[in-house]
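> coordinates only, no sequence provided:
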């Protein structure tokens with residue numbers, strides 16, 4: 001809080017914090033992809049066995065590198081809402097792009113979290129292919145992670161105000 005004479009003024013949260021948070025989310029996720037592309041094993045057991053089996057294939061490593069690059073680009077895209085350099089691009093393009101990314105991430109993470117949660121509760125039958133440690137990790141880590149990213153991107157798009165200088 002700031003004091004001004006005898007009146008306390010509350011500091012309002014910046015409308016750009018969600019853009020910075022979504023960017024950080026993207027960059028952390030990208031770093032993990034690059035780590036895996038370089039052969040790192042941390043959290044790799046949380047992925048499906050097929051992913052681990054294919055990890056030594058050059059085409060698959062290329063896909064992981066490209067996935068990491070897409071995550072970096074998504075982070076820069078959302079960061080364009082909070083930085084002056086973003087003003088070089090049309091407002092509608094930045095806002096719609098961030099809304100779109102947020103919607104896809106939220107739907108993907110939310111739908112998977114709901115489905116896996118219902119399976120874990122016994123409401124839905126769990127297919128044999130979903131009875132693995134990787135499926136459990138999706139429920140407790142990856143699906144909430146995607147949902148968090150989606151909510152951050154959607155919040156960044158919602159809070160973005162082109163009238164407020166970056």
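Yes, it's here. None of these values were measured; they are calculated from a predicted model.

> which strand or helix spans the closest residue in space to residue 108 that isn't next to it in sequence?
Excluding the flanking residues, the one nearest residue 108 by C-beta to C-beta, 6 or more residues apart in numbering is residue 146, at 5.3 Å. (Glycine included, C-beta is placed from N, CA and C.) Element membership for residue 146 (DSSP states H and E) is helix 143-159.

> and that helix, what's its mean pLDDT?
The average pLDDT within helix 143-159 is 95.

> pull out the buried residues from that helix.
Buried residues in helix 143-159, defined by neighbour count with 16 or more other C-beta atoms under 10 Å: 143, 145-157, 159.

> again with stretch 31-38
Buried, per 16+ other C-beta under 10 Å, within stretch 31-38: 32-37.

> about what we covered before: how far off centre is the helix holding residue 146?
In terms of C-alpha atoms, centre = their mean, to the nearest Å, the centre of helix 143-159 is set 7 Å apart from its chain centre.

> name the helices or strands packed onto it?
The contact analysis (3 or more C-beta pairs under 8 Å, 6 or more residues apart in numbering; DSSP states H and E) places helix 143-159 against helix 17-37, helix 58-79, helix 91-120.

> tell me which of the ones you listed is the most buried.
Each of the helices and strands packed on helix 143-159 was assessed for mean neighbour count using mean count of other C-beta atoms under 10 Å. The highest is helix 17-37, with a mean of 20.

> so which elements touch that one?
For helix 17-37, the elements it packs on are helix 58-79, helix 91-120, helix 143-159, judged by 3+ C-beta pairs under 8 Å, 6+ apart.
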